[in-house]
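[1] Output the structure for:
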Amino acid sequence: MRNFIGQDGFVWWIGVVEDINDPLTLGRCKVRCFGYHPAKATSLVPTEDLPWALSIHPLNTPNLYASPKVGEWVFGFFLDSLSAQEPAILGYLPAIPQNASEYFGTSPNLIRNFARVTTANNSANTVCWEIGNNIIEVVTQSSGEANGHILIQHKTGAKVNIGSDGKISIYTPTNDISVEAVDGDINLNAKNINLTATESIAITSTLATSVVAGGLASITAGGAATITAGGAFTATAGLYASIKALLGTLNLQSSSATTITAPSVSVTGILEVAGPITGAVSVTAPIVTTGSTSLGTHIHDVLSKDFGVTSTGIG
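    Okay, the predicted model is just below:
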């Protein structure tokens with residue numbers, strides 16, 4: 001029988017990885033095989049002269065390729081048998097005797113983060129991968145979850161969870177959560193969208209900012225509320241718009257004119273005016289005027305600053 005691959009004997013080896021920079025980006029490594037290559041200290045076979053070793057990957061993880069690290073110990077065989085010029089890597093070894101580093105000239109990598117794959121609670125419906133307190137857990141079904149869940153949890157406590165009902169939760173205990181679309185849009189589409197912050201909420205735009213409500217639009221501040229626009233500011237409501245400052249002051253300021261257009265405008269509280277008011281305005285509270293203020297045709301209550309006397313009339 002002719003001698004060909006598969007019929008020429010299985011020749012295996014153990015070695016250490018010295019180079020993983022494969023110019024063909026095929027995941028190949030240069031491995032110094034014990035006994036087949038002389039010690040690195042002899043300089044008889046430098047790293048660049050070692051043959052490239054192919055990495056054999058399992059079929060159950062398609063398109064998921066990884067190379068060993070420099071200094072890791074690997075096990076394999078020669079495709080060309082005794083010629084020993086075509087090494088192939090079958091796997092790596094988790095621990096190697098320390099004194100072997102003298103031969104290879106490379107400190108062995110004695111720490112390898114092996115994933116702990118378990119079936120939680122002895123359930124065939126649950127698989128958990130754990131690497132250095134980082135967890136990926138997949139539950140297909142449990143007594144409390146008909147549809148199971150998927151959990152990705154970082155060692156810091158940050159996690160992403162897809163619950164049995166399809167609800168997606170993203171949680172981080174200390175750090176920020178960033179969502180970026182540098183050249184595209186971010187669209188949030190839901191029945192209701194709620195933004196809640198224990199401190200502050202900031203909305204910043206380098207161009208236009210538009211707030212449009214088809215029904216009720218309400219802006220409520222427990223303290224001071226300030227709306228500032230370097231250009232035009234527009235708030236549009238199809239039905240009713242309410243702006244309230246429950247405990248503090250509400251200021252509307254403009255470097256030119258401030259225009260409020262409506263069939264009628266109702267103001268409750270002290271109205272302090274530093275300019276003309278025109279049109280039909282119903283004011284059910286004192287008006288404090290400052291500067292040269294002209295009042296058009298309207299019904300008003302006038303508060304005297306000096307004597308605290310209120311009079312009613314038509315101006």
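
[2] neighbours around the nearest residue to residue 172 once chain neighbours are set aside, how many?
    Taking CB to CB, 6 or more residues apart in numbering as the measure, residue 172 lies nearest to residue 158, with 4.1 Å between them; neighbours along the chain are not counted. From N, CA and C alone the C-beta is placed, and that goes for glycine too. Taking other CB atoms under 10 Å as the criterion, the count of residues near residue 158 is 15.

[3] measure residue 158 to residue 130 for me?
    16 Å (CB to CB, to the nearest Å).

[4] follow-up on the earlier one: so who does the residue nearest to residue 172 touch?
    Contacts for residue 158 were tallied using CB atoms under 8 Å, 6 or more residues apart in numbering; they are 171, 172, 173, 175.

[5] can you check residue 145 too?
    Per CB under 8 Å, 6+ apart, neighbours of residue 145: 139, 163, 164.

[6] mind checking pLDDT for the nearest residue to the last one once chain neighbours are set aside?
    By the measure of CB to CB, 6+ apart, the closest residue to residue 164 outside its immediate chain neighbours is residue 145, 3.7 Å from it. pLDDT, the model's per-residue confidence, is 78 for residue 145.

[7] same question, the one 4 residues further on
    For residue 149, the pLDDT comes out at 87.

[8] Just list whatever residues bridge to it.
    Note on residue 149: beta-bridge partners by DSSP bridges are residue 139.

[9] Can you tell me how far it is from residue 133?
    Summarising the geometry, the distance separating residue 149 from residue 133, computed by CB to CB, is 19 Å.

[10] Run through the helices of the chain in chain order.
    101-104 (DSSP state H).

[11] got the domain boundaries for it?
    In the domain annotation for the chain, the residue ranges read 12-104, 116-171, 208-253, 260-315 (automatic domain parsing).

[12] Look at residue 149 and residue 133 and report which has more neighbours.
    In this view residue 149 and residue 133 are compared by other CB under 10 Å, and residue 149 has more residues nearby, 21 against 10.

[13] pretty sure the more buried one is touching residue 164, no?
    Yes. Using CB atoms under 8 Å, residue 149 makes contact with residue 164 at a distance of 5.5 Å.

[14] In space, what's closest to residue 13 - neighbours in sequence excluded?
    Distances taken as CB to CB, 6+ apart place residue 33 nearest to residue 13, at 4.2 Å, with adjacent residues excluded.

[15] Tell me what the one you found is bridged to.
    Note on residue 33: beta-bridge partners residue 15, judged by DSSP bridges.

[16] Residue 92 and residue 161, how far apart?
    Using CB to CB, residue 92 is found at 33 Å from residue 161.

[17] Neighbour count: those two, which is higher?
    Between residue 92 and residue 161, counted using other CB under 10 Å, residue 92 has the larger neighbour count: 18 against 15.

[18] distance between the ends of stretch 198-211?
    The straight-line separation of the ends of stretch 198-211 (CA to CA, to the nearest Å) is 23 Å.

[19] Same check on stretch 203-211?
    Separation of the first and last residues of stretch 203-211 by CA to CA is 11 Å.

[20] how about that stretch: buried residues?
    The neighbour-count criterion (16 or more other CB atoms under 10 Å) identifies no buried residues in stretch 203-211.

[21] Let me see the mean pLDDT of it.
    The predicted model assigns stretch 203-211 a mean pLDDT of 79.

[22] Please apply the same query to stretch 18-31.
    Rounded to a whole number, the mean pLDDT of stretch 18-31 is 89.

[23] what's in contact with it?
    Residues beyond stretch 18-31 that count as contacts (CB under 8 Å, 6+ apart) turn out to be 15-17, 32, 40, 47-48, 50-55, 65-70, 74, 76, 87, 89, 104, 106.

[24] Now with 6 Å, please.
    Taking contacts as CB atoms under 6 Å, 6 or more residues apart in numbering, the residues outside stretch 18-31 that touch it are 15, 17, 32, 47, 50, 52, 53, 54, 55, 65, 67, 87.

[25] What residues of it count as buried?
    By neighbour count with 16+ other CB under 10 Å, stretch 18-31 contains the buried residues 18, 22, 27, 28, 29, 30, 31.

[26] That stretch spans what distance, first to last residue?
    This stretch, stretch 18-31, spans 6 Å end to end (CA to CA).

[27] what does stretch 26-45 give?
    Between the opening and closing residues of stretch 26-45 there is a gap of 23 Å (CA to CA).

[28] likewise stretch 206-222?
    Across its full length, stretch 206-222 reaches 27 Å end to end, with CA to CA as the criterion.

[29] what do you get for stretch 72-82?
    Looking at stretch 72-82, the gap from its leading to its trailing residue is 24 Å under the measure CA to CA.

[30] same deal with stretch 15-26?
    Distance between the boundary residues of stretch 15-26 (CA to CA) amounts to 19 Å.
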